[in-house]
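# no sequence on this one, just coordinates:
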């Protein structure tokens, strides 16, 4: 849970992947049962 | 520009395309790699150009443009009769332009080869010979997703050969160790749909839908300057550049871009920089 808060606090998106590559879902609260990907924030290149 | 104008232009394009295909068939007997013909009428000047796009195996191959003089246009709108009547002549001039462009492209390739091998003196000589070409090579490489090459060409054409060196060193497509690259690609592939994975494996790009707009974005293999916005017909509207902080490998970058577009398109568009 601390890790979740730390990373999302740094701007990471916590995302639960969709099935078979379908769009995932951004989660705002820690779910111990969810398999979450942490995606770093994007910046303009 | 009104609807009548656009319908007129579309009619001219269709007529020209038919004429071009016939000329191609007559001349080569091996028709058409011709993809489409477009007539561009600048909104800011009287300039009118005919553009013919060719493809090989579904990929953009070469593109020729033909400027139409006021004399040939004969007014504000191109005359379909005038243009189609002169299609053979127009096609011949397009071919001449294309031949010249190809010759110059060979010079550019020699320049790049010398450049890559570290022979900057020879590269500079080739650059001087080629710097009147325009930026077709950069556009071509951008269209095929080779953005770092495109940037290099762009910088070279802009007489910034030093900038090209800096760019290609500073923004390589691949970063990190081979192991990190492979892990990144593995994670990306695990999060692609079967269609996206098939596209990526065969074409090195895949399409995603914007979560808000439903628009199609094409993500090419790469880390930055690797996203295109497509219109309803699947044609490129413009490019977008946004990447994760931290110098991540290409697979991680593409996954972050996919997630951002699908799940948080509005925020993605706020940070992404647009390029043509």
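Sure, I can see it. What you see is a predicted model, and the numbers here were worked out from it, not measured in a lab.
# got the residues of chain A near chain B?
Neighbours of chain B within chain A, by Cβ under 8 Å from any Cβ of the partner chain: A:13, A:15, A:17, A:20-26, A:37, A:39-45. C-beta here means a position set from N, CA and C on the backbone, and glycine is covered the same way.
# of these, which count as buried by neighbour count?
Among the residues of chain A next to chain B, those buried by neighbour count (16 or more other Cβ atoms under 10 Å in any protein chain shown) are A:13, A:15, A:17, A:21, A:23-24, A:26, A:37, A:39-43, A:45.
# residue B:224 contacts residue B:254, correct?
No - at 10.5 Å, residue B:224 does not count as touching residue B:254 under the criterion of Cβ atoms under 8 Å.
# how about the secondary structure of residue B:184?
Three-state call for residue B:184 (DSSP: H, G, I helix; E, B strand; the rest coil): helix.
# count of residues packed around it?
By other Cβ atoms under 10 Å in any protein chain shown, 20 other residues sit near residue B:184.
# next one: residue B:230
With neighbours defined by other Cβ under 10 Å, the count for residue B:230 comes to 15.
# for it, give me phi and psi.
With angles defined as degrees, to the nearest 10, residue B:230 sits at phi -100, psi 150.
# beta partners of it?
residue B:216, residue B:236 (DSSP bridges).
# show me the beta-bridge partners of residue B:240.
Under DSSP bridges, the beta-bridge partners of residue B:240 are residue B:227, residue B:274.
# looking at residue B:224 and residue B:254, which is more packed in?
The neighbour count for residue B:224 versus residue B:254, taken as other Cβ under 10 Å, is higher for residue B:254 (29 against 22).
# in contact with that one, which residues?
Applying Cβ atoms under 8 Å, 6 or more residues apart in numbering or on different chains to residue B:254 gives the contacts B:188, B:219, B:221, B:222, B:226.
# which of those residues fall within helices?
In this view, these that belong to helices under DSSP state H are residue B:188.
# in strands, which of the residues of chain A next to chain B fall?
Among these, DSSP state E puts A:13, A:15, A:25, A:26, A:37, A:39, A:42, A:43, A:44 in strands.
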